[in-house]
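In: What would the 3D arrangement of this be:
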Amino acid sequence: EVVRAADHILGTALFGSPTGERVTEVLVQEFARGTEYAIDVVSKDGRHKTAALWRYDKRPANGAPFVYHATVLDDASVGDGRAAADYAAAALDALGVRWGIAHVEVIVGEDGAARLVEVNRRQHNADFRPLCQVAVGYDALDLLLDAYLGG
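Out: Residues are numbered from 1 along each chain as shown. Okay, the predicted model is just below:
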């Protein structure tokens, strides 16, 4: 099944290529089962603060095994939320991140173990900024400015 999927992708047009490049490589990774979290983090001199923790509500729909149904602001201080936030901070430490903003996604399995999905040195999607402002009174960009300006 994996070989068939890779063969289907190889040689197709590379999305966004202005020169007509083709796909020559395929990355395969394990399918991680569990609850997926997006963690918005601001780092100041090696200390990582969770600005917001979002839990993805994914459900079967339209014949697909999962579809993103909602994104819920969650508590980063307890349970799986804590495991996700702690893992995000450890991932940033492992990457040597000491300053700046990051958007980290992890999946926490039924066993409580977190698995890395991705690390991006950017703010969460722009539409999450006003949600954070209303829900908690600040967002990652506010914390980033505080970090750099001495707050």
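
In: Secondary structure of Val67: a helix, I assume?
Out: No: using DSSP: H, G, I helix; E, B strand; the rest coil, the secondary structure at Val67 is strand, not a helix.

In: Check whether it really touches Tyr56, as I assumed.
Out: No: Val67 is not in contact with Tyr56 according to Cβ atoms under 8 Å; the separation is 10.5 Å. Any C-beta I mention is one placed from the backbone N, CA and C, and that applies to glycine too.

In: These two: which has the busier surroundings?
Out: Under the criterion of other Cβ atoms under 10 Å, the comparison of Val67 against Tyr56 puts Tyr56 first, with 17 against 12.

In: lowest confidence element among the helices and strands of the chain?
Out: helix 128-136 (a mean of 85; mean pLDDT, DSSP states H and E).

In: Give the buried residues for that helix.
Out: 128-129, 131-132 (16 or more other Cβ atoms under 10 Å).

In: And stretch 32-49, by the same measure?
Out: 34-44, 48-49.
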